[in-house]
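Participant: Predicted model, plus sequence, below.
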Amino acid sequence: MKLKSWAGVSKNVLLHLFFGLYLITLPSFVEARIQEDLSDGPYVLMMRHADAPGYSDPVGYQLNDCSTQRNLGTAGKQQAREIGQWLSAQGVQKAQVLSSPWCRCKETAQLLNKGPVQVEAGLGSFFENRGDRHEHTRMTQIKIAELIQIKPRLPIIMVTHQVNIQAFTGQYLSSGAIVLVKVNAAGQYVSHKLLEAPGVKP
């Protein structure tokens with residue numbers, strides 16, 4: 001009877017130990033997989049710029065003058081820094097970072113601290129010109145197709161706007177949110193997964 005009881009306790013202890021080890025190793029496995037997908041697989045990260053108070057841009061804004069645009073606030077700047085740190089914890093230490101020409105996107109991209117930021121017209125907002133949706137999406141597809149051919153490569157991060165990401169993936173994103181996007185050889189959307197970045201509202 002005592003032997004049976006001890007066997008039962010041992011089994012429970014082993015199960016708890018196994019489960020504990022599973023929980024410890026699962027995050028590192030997931031992090032390694034994200035890094036692996038971004039380095040060798042047909043994946044890119046698409047991120048909406050961090051929190052920028054207000055709605056749209058002021059009338060008469062100019063892309064070459066940040067003072068005329070809606071920009072990141074203090075909270076948005078901190079959010080971008082924290083997301084950059086979170087990406088580092090996922091194994092993304094350096095990346096090829098592309099940004100919309102808008103200042104709130106460029107500043108977000110810079111604060112991620114993943115490397116030099118390259119401005120891409122295709123990632124620019126078409127919020128006020130919805131007829132440009134297909135052209136911007138086409139330009140983004142072409143750029144992705146070009147980048148994923150590089151083997152090995154740095155992870156690709158694209159910082160852009162809600163309208164651009166929704167047009168490409170169908171997913172609505174709040175400020176600072178990130179999606180891991182799977183694409184085909186032509187840079188076209190296949191599927192996506194919403195990542196749980198810090199400081200991002202659902």
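Facilitator: Structure received.

Participant: Now residue 55. Nearest residue, chain neighbours left out?
Facilitator: Spatial nearest neighbour of residue 55, chain neighbours left out: residue 70 (7.7 Å); criterion: C-beta to C-beta, 6 or more residues apart in numbering. In this view, the C-beta of every residue, glycine as well, is placed from N, C-alpha and C.

Participant: worst-scoring helix or strand of this structure, pLDDT-wise?
Facilitator: helix 2-40 (a mean of 51; mean pLDDT, DSSP states H and E).

Participant: I'd like the next helix or strand past that one.
Facilitator: Where DSSP states H and E defines the elements, the next helix or strand beyond helix 2-40 is strand 43-48.

Participant: If the residue most central in space within the chain is in a bridge, with which residues?
Facilitator: The residue lying closest to the centre of the chain (C-alpha atoms, centre = their mean) is residue 178, at 3.3 Å. Per DSSP bridges, the residues bridged to residue 178 are residue 47, residue 195.

Participant: quick one: it and residue 73, what's the gap?
Facilitator: Residue 178 sits 19 Å away from residue 73, going by C-beta to C-beta, to the nearest Å.

Participant: How about stretch 113-128, which residues are buried there?
Facilitator: Across stretch 113-128, burial judged by 16 or more other C-beta atoms under 10 Å covers 113, 114, 115, 117, 120, 122, 123, 124, 125, 126.

Participant: typo on my end, it should be stretch 49-60
Facilitator: Counting neighbours by 16+ other C-beta under 10 Å, stretch 49-60 gives 49, 50, 51, 52, 57 as buried.

Participant: Surely the last one is in contact with residue 67?
Facilitator: No - judged on C-beta atoms under 8 Å, residue 57 makes no contact with residue 67 at a distance of 11.6 Å.

Participant: about what we covered before: can you tell me how far the residue nearest to residue 55 sits from residue 90?
Facilitator: Taken as C-beta to C-beta, the span from residue 70 to residue 90 is 29 Å.

Participant: Over to residue 172?
Facilitator: Counting by C-beta to C-beta, the gap from residue 172 to residue 90 is 23 Å.

Participant: Same question for residue 37.
Facilitator: 11 Å.

Participant: do residue 198 as well
Facilitator: Counting by C-beta to C-beta - residue 198 and residue 90 are separated by 11 Å.

Participant: So between the two, which is more surrounded?
Facilitator: Neighbour count, other C-beta atoms under 10 Å: between residue 198 and residue 90, residue 90 has more, with 20 against 11.

Participant: pLDDT score for that one?
Facilitator: Listed pLDDT for residue 90 reads 89.
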